[in-house]
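In: below is the structure, and that's it, no one-letter string:
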Ligand SMILES: *Cc1c(COP(=O)(O)O)cnc(C)c1O
């Protein structure tokens, strides 16, 4: 068995998920006939405190269908610098929705309201319309954005009549880190995208939640984007287990991440970013003079441990339910051994 620290997307479905998938009652979801998808969507709307939910193939899909459903062609959408929608969705907002993306400065996902306010467009024949504000929580930098910030952003947006979307790929990590009910976070947006296939362990799928009218529009846009699935209950069955059985254990991944951080600090010259340790991610640097990137990746790989290479000079190790405390000990012992050589 590999120890895989590359992401929490690498998690395999649990035995219970596989059972549920095998036995799932299905129908044709494009007809609205799949009882398991309907059950998942109802459950998601309840847990996340919104009127309705839509099962979509991926997190990227959920964000993009949300952007399409909130905006008009030629709108400008405001997104945090470095966020997933801006950096990791292949420019989809421009291609699929014909919108212009403009980024506002953030401090690890946190926002200064006066700065954001300045970026909202006024009335001028030259200006595009500000069609949407996007937040991300938990933030990909490894932090949970404070609830007060989300509330302030939503208040500002409402006063300007602009919808807010939260990319909540890891919203349950955010809620656990902030120690609040996830509904407190989702209440700060008109729509939220939630990944089932990261720390929650489902093999496929995300959920987009929002109001009835918005979700009806998103359902049609999902079809336009080719995401109308048929007997999707086979997938939704795993999603139901993800929402009912996997949410409550997500804090364990956070605890393990902090344990991993502590142990990494035993390695000389290893610098862990303590200010970005809210969730299941550990960011650190290890100088080339101690060990080269290629030697570290290859050395760990030979010992059955998968990691990604550096991004912007930093390593990122991600804990998930497939990574135990013993696994972390093995990672550290292996790193110490290959660094000595
Ligand atoms: C993973 C992720 C997504 C997209 O999820 P995919 O299912 O990989 O498309 C979106 N936003 C954030 C913050 C993510 O971490």
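Out: Structure received. Worth saying up front: this structure is predicted, and the values here are computed from it rather than measured. Numbering: from 1, shown residues only.

In: going by C-alpha atoms from here, please, whenever you check contacts or count neighbours.
Out: OK.

In: show me where pLDDT drops low in the stretch 151-300 of the chain?
Out: For the stretch 151-300 of the chain, no stretch has pLDDT under 70.

In: so which residue of it comes closest to the ligand?
Out: With C-alpha to the nearest ligand atom, the shortest gap between the stretch 151-300 of the chain and the ligand falls at residue 169, namely 4.8 Å.

In: quick one, what contacts that residue?
Out: For residue 169, the contact set (C-alpha atoms under 8 Å, 6 or more residues apart in numbering) comprises 59, 137-138, 193-195, 198, 206.

In: strands - which of these land there?
Out: 193-195, 206 (DSSP state E).

In: neighbours of residue 156, just the number please.
Out: Using other C-alpha atoms under 10 Å, residue 156 has 17 other residues around it.

In: neighbours of the spatially closest residue to it that is not a sequence neighbour, how many?
Out: Of all residues not flanking residue 156 in the chain, residue 117 sits nearest, at 7.4 Å (C-alpha to C-alpha, 6 or more residues apart in numbering). For residue 117, the neighbour count with other C-alpha under 10 Å is 14.

In: make sure residue 117 is actually in contact with residue 154.
Out: No: the pair residue 117 and residue 154 does not pass the contact test of C-alpha atoms under 8 Å, sitting 11.4 Å apart.

In: all the strands of the stretch 201-341 of the chain, residue numbers only.
Out: Secondary structure of the stretch 201-341 of the chain, counting by DSSP state E, counting those that start in this stretch: strands at 206-210, 271-272, 281-285, 305-306, 315-318.

In: could you tell me how far the second one lies from the centre of the chain?
Out: By that I understand strand 271-272. Relative to its parent chain, strand 271-272 has a centroid offset of 23 Å by C-alpha atoms, centre = their mean, to the nearest Å.

In: show me what that strand pairs with in its sheet, parallel or antiparallel.
Out: On the basis of DSSP bridges, the sheet neighbours of strand 271-272 come out as strand 281-285 (antiparallel).

In: and residue 341, what's its pLDDT?
Out: Per-residue confidence (pLDDT) for residue 341: 73.
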